[in-house]
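A.B. asks: Just to be clear, the model below is a prediction. Sequence and coordinates:
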Amino acid sequence: MKHLLGQIFRSGKFLFGFVIFMIIMLTVLIYPLLVEYPPLKTISRGTFLPPGIYVNVYDSMTFSESYTLILDNAATKRIASKLNAEDRQAMKEWLVIGAELPEDEIDVDDTAKLIDLWTTNFDPTVRLPGMTNADRNYYIRLTASLDGLLATEGATVAVANEDTGVLEEKYVIDQTTYVNVGEVPNVRVLPLGTDNFGRDVLTELIKAISVSLTIGFVAGTVATTIGLILGLVSGYIGGIVDDLIMFITNLFTVIPSIILLILISFSIGQEKRGAFTIAVVIGFTSWVWTARAVRAQVISLRNRDHVNLSKLSGHSIIHILAMDILPYIASYVVMALILQISSGILAEAGLSILGLGPRTTEVPTLGLMLNWALIYQAPLLGKWWAYFPVILIIALIAFSMNLMNTGLDQVFNPALRD
Amino acid sequence: MKVTRFTIVTLLVVVAMMAAALPSLAQETLPRNETLYFNGQQWGAVVGWNPYSSSMNNAMAIAQGASARVTMFESPYLYNMLDGQVYPLLANGPFAWNDARTEITFSLNPAAHWNDGTPVTAEDVAYTWASHVKYNTPTGAGNVAYIEDIGAVDEMTVVVKAKLDENGAALNPLLVESYLSANYVAQKAWTQVMEERVGEDATAFLADIAEDVVFSGPYGPFFADESKVVLVRDDNYWGQDASMWGKLPAPKYLAHNIFADNAAGTTALKAGEVDVSQQFNSNVQDLWLEDGLAISTYLPEAPYQIGASLPTAFFNLTGSSVGLDNVAVRKAIAMAVDYPTIIANAMTNQSATFEQVPRSLMNPTAGEQALYNHEAVADLQWVGNDIEGAKALLDEAGVVDSDGDGWREVDGVNLHYVATCPNGWSDWQAAIEVVAAAGAQIGIDITTNYPEWSVYQTVVTKSDEPLPEGYDIFMMWSNGAGPTEPWGRIRNMLSSEWVGMTSNWSGNWGGYVNPEADALIQAIPTETDPDKVVELYTELVKMYLTDVPSFTLMYRPQSFHTVNESVWTNFPFDGDGTEPPVPPMDCTDGWGIACLYNLELVNP
């Protein structure tokens, strides 16, 4: 056994796949211990918040120590974030056509002068030839964002007096005031932002991986068990039993399993479609090839001398199958199981994208995350964090399992040994 | 190279295929500068052009209703959602009630004519109604209880007689009025041709695809298959007469590509292949803020659209949900729900908030908001997220957790409810999730479930028996904007006349019964004193907010009106200076059709 394991881990392909898979597994196991956020809790009001560090503005104003930093380019950065080169050019265009100012009088790089010209001349009600409502909206938004852009004094925070309702000055925040993020009591890091429900994508993703792996494992075990038993029985006993089992197997072979899967999931109905049910359904529709392959191997084994010896010794069929045949095909079964797990995960994702996966809100799965990202058009809107990490994880899981499978094949299959 | 027989045959086949494809290729090349492209209206291939039928699946040409689609067929009046008024189309000037308010008289515009050149006459209007009744069309069935007869006084004058109650007053003057802006006029001569063709058989009459139909509107059929439908302008359209529009609508073609789903529609809108989009584009503001596209909505900022209907969660009051007969339980759930999250996430902010438009039975339009006394009901309106208030309300009503398992009980039974809506209705599902989340915070277990629409609709519309398990809190829609609103909406949400129907597509699916509300609903249509009407509506809103038979989750626009101005511009927007204001109705519905006459090319 030790020798066998040593051989397996000497296979570079297997090792690489195994490492990827273990990293995913460990993340799934360790992350929930460190971060105890409920995976399905809506935390953001507003969909698809981009990844980043979210710092509570109220806390950073009121509860945190503030520091003064004199940085040279602070004002420039502030202005650039609101007024980029395109905006400046667009302002110039409007001023030339709308206010009929000579083009050479407008210096787009002189921010103060440009804003001054703009505030005195821009009139949102003027409709220029060829100007669309979208353009007009843009200019109105731009004008609003320019408000106070060049101010040098701080902003005053006022609080309404509880009794009178009159605003009372509480703080003045200078342009040079900073807080240390580490000292703000409420900071939430959203490494992958939020999704269409306003849930933390990373936390949801980790939970989804564990659910999807479970689905894959259950589906794979069910499929492999059914395939193995049918293959063993059919191959060893032969005759009418073999004919019957092969008849059923052939029936399942010609009907594409995805169609069976869709029909069964649909007829179960949404209310009964839990993650476990889906896993079992996937298992029940994907045992066919395992059964055929196991049968073929058993047929080649059943007339070996040691099997005949066992027969002569009066061992029961179950004993012969378990002790004399199974060990010879065990490596194949393990490899089949790995592939079945991987295809179970893919099948769940496929079903969920069609809206036939597990019920939406009990547990997240990789497929459901993709489904909702698609429904809320994340790919069209460029919200990559809602779907790309999911796709990447699915790809990594499938990739690592296939690598492990190929690695095992190289070890066990004499024809492929180096 | 030796030319084999096989090569020749192959070449011939290819040539034949190209020849077959040519006519459809010709259709592909509509001149972009003369075509206004739509999406979000037409799904699947057009069946036919019969204006009497509601099963033609022809969204660009046939859609009768509060704001009738008047691209091809026309109604006597046009409803304007923004000011609540109707404006004459086929009619000449406003209609008039007689003093007893039992009949309406209006005359037709002498300029109005059919596309075959014959004038539109009072006989056409009368015969259209008679046919609706004779063949029991949906329009006939829906109005025959309120309209006695529509007849021609002379060639140009129409009289609409209302059905009267035992006191000799019109049963429902509101519905009689709204008939005039909601329904098309069809040509008598053509109707008779069709009758002859179908042998006066009602089923065949409604199933006739009417390829020979005569129409009075500015556009007629040009091309339709499973990939697109195109209408072409009738350059002889009567509306260019100075008494109506004074010109022809700007686009020569109205084209609607048939997309597979919303995502395909959004992609086309982004690419500038769609000018007017009537679909829910999530986070629509990203299209201009992030992508910098020439796309805009009616309002430049959230809620982007004008809300018109009230998607609502109904409580099951038919007796099969333990505890929901207790008003404290209902109100507590409604108070605890986080509406701002529903609006921000499920609707991606394309709905006014309940701070902006406090809840009542009215939609957010100014006309409806003016119909109830805001101060009188201010104490009853809740904005949501009021966990403490909800808990206090339950405690006060004696609905407490006495066995300490975390869930409150009524008569020793834990309160457990299922909140539901149809599967795949994404914005509703997201909203129902938020409703369920509120339950746990106030000690009421609410889980979610999403049956397929085919199942859901059969269950919910069967109002003659208690709702089955799994439908404790369920979502349905309300009426949008129209000349009978808010009366029609309130009737559908509160009236007990729907309870007991085997197939109830009207409303009050939860089975709320309140004779006082019924009486008020009946009184409003015949009330002529505007102050009194406000008083009655206020009373109804009060009842609704006190009894909480259902609770509105968001406001939803009549049409999602999003436009791409890369080819056409001058679409309606808030403050565009049009008088009367052109409503954002995708340039096709009711007074919204005026948009087509204002359009200009960005690069002429």
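C.D. replies: Everything's here; your move.
A.B. asks: and chain A, which residues reach chain B?
C.D. replies: Proximity of chain A to chain B is confined to A:42, A:44-48, A:130-135, A:137-138, A:140-141, A:196-198, A:269-271, A:355, A:359-361, A:372, A:374-377, A:380-382 under the rule Cβ under 8 Å from any Cβ of the partner chain. C-beta: built from backbone N, CA, C; applies to glycine.
A.B. asks: and the residue of chain A found nearest chain B, what are its phi and psi?
C.D. replies: In chain A, the residue found nearest to chain B is A:Thr132; the distance is 3.7 Å by Cβ to the nearest Cβ. The phi/psi pair for A:Thr132 (degrees, to the nearest 10) reads phi -90, psi 170.
A.B. asks: Is it correct that it is in contact with B:Thr569?
C.D. replies: Yes - taking contact to mean Cβ atoms under 8 Å, the distance of 4.5 Å between A:Thr132 and B:Thr569 places them in contact.
A.B. asks: tally of neighbours for the residue nearest to the residue of chain A closest to chain B when sequence neighbours are not counted?
C.D. replies: Residue nearest to A:Thr132 in three dimensions, not counting chain neighbours: B:Glu565, with 3.7 Å by Cβ to Cβ, 6 or more residues apart in numbering or on different chains. Per other Cβ atoms under 10 Å in any protein chain shown, the neighbour tally for B:Glu565 reads 20.
A.B. asks: Let me see the contact set for B:Glu565.
C.D. replies: With contacts taken as Cβ atoms under 8 Å, 6 or more residues apart in numbering or on different chains, B:Glu565 has the following neighbours: A:Thr132, A:Asn133, A:Ala134, B:Asp275, B:Ala294, B:Ile295, B:Ser296, B:Phe571, B:Val602.
A.B. asks: Give the intersection of the neighbour lists for A:Thr132 and B:Thr569.
C.D. replies: Overlap of the contact sets of A:Thr132 and B:Thr569 (by Cβ under 8 Å, 6+ apart) consists of B:Val602.
A.B. asks: Up against chain A, what does the stretch 351-500 of chain B have?
C.D. replies: Taking Cβ under 8 Å from any Cβ as the measure of proximity, the stretch 351-500 of chain B contacts chain A at B:423-424, B:426, B:429-430, B:433-434, B:436-437, B:448-452, B:455, B:470.
A.B. asks: give me that answer again for 10 Å
C.D. replies: B:418, B:420, B:422-424, B:426-427, B:429-430, B:432-434, B:436-437, B:447-452, B:455, B:469-470 (Cβ under 10 Å from any Cβ of the partner chain).
A.B. asks: which of those are buried?
C.D. replies: The neighbour-count criterion (16 or more other Cβ atoms under 10 Å in any protein chain shown) marks B:418, B:420, B:422-423, B:426-427, B:429-430, B:432-434, B:436-437, B:447-451, B:470 among these as buried.
A.B. asks: Now do the helices in the stretch 1-150 of chain A.
C.D. replies: A:2-10, A:12-34, A:57-62, A:74-82, A:85-98, A:111-121, A:133-146 (DSSP state H, counting those that start in this stretch).
A.B. asks: show me the contacts for the closest residue in space to B:Asn508 that isn't next to it in sequence.
C.D. replies: Using Cβ to Cβ, 6+ apart and skipping residues adjacent in sequence, the residue nearest B:Asn508 is B:Trp498, 4.6 Å away. By Cβ atoms under 10 Å, 6 or more residues apart in numbering or on different chains, the residues touching B:Trp498 are B:Thr461, B:Ser463, B:Arg491, B:Asn492, B:Asn504, B:Trp505, B:Ser506, B:Gly507, B:Asn508, B:Trp509, B:Gly511, B:Tyr512.
A.B. asks: any weak-confidence spans in the stretch 251-400 of chain A?
C.D. replies: Counting by pLDDT under 70, the stretch 251-400 of chain A shows low-confidence ranges at A:269-271, A:360-361.
A.B. asks: Which parts of it are helices?
C.D. replies: If DSSP H, counting those that start in this stretch is used as the criterion, the helices of the stretch 251-400 of chain A fall at A:257-268, A:275-284, A:288-301, A:305-312, A:317-319, A:326-353, A:366-375, A:378-381, A:388-412.
A.B. asks: okay, the angle between the last one and helix A:326-353?
C.D. replies: Put plainly, it is helix A:388-412. On the basis of axes from the mean of the first three to the mean of the last three Cα atoms, to 10 degrees, helix A:388-412 is oriented at 170 degrees to helix A:326-353.
A.B. asks: for the second one, same thing?
C.D. replies: Here the directions of helix A:275-284 and helix A:326-353 differ by 120 degrees (the same axes, to 10 degrees).
A.B. asks: List the buried residues for helix A:275-284?
C.D. replies: In helix A:275-284, residues buried by neighbour count (16+ other Cβ under 10 Å) are A:Ala275, A:Thr277, A:Ile278, A:Ala279, A:Val280, A:Val281, A:Ile282, A:Gly283, A:Phe284.
A.B. asks: Which one of the residues you listed is nearest to B:Gly404?
C.D. replies: Proximity of the buried residues of helix A:275-284 to B:Gly404, judged by Cβ to Cβ, is greatest for A:Ala275, which lies at 30.7 Å.
A.B. asks: In contact with the nearest residue to that closest one once chain neighbours are set aside, which residues?
C.D. replies: Leaving out its chain neighbours, the residue that sits closest to A:Ala275 by Cβ to Cβ, 6+ apart is A:Pro358, at 4.4 Å. With contact set as Cβ under 10 Å, 6+ apart, A:Pro358 has these partners: A:211-212, A:215, A:265, A:270, A:273-279, A:348, A:351-352, A:364-365, A:367-368.
A.B. asks: For A:Pro358, give me phi and psi.
C.D. replies: phi -60, psi 160.
A.B. asks: Could you look up the SS state of B:Pro303?
C.D. replies: coil (DSSP: H, G, I helix; E, B strand; the rest coil).
A.B. asks: That one: how many residues sit nearby?
C.D. replies: 23.
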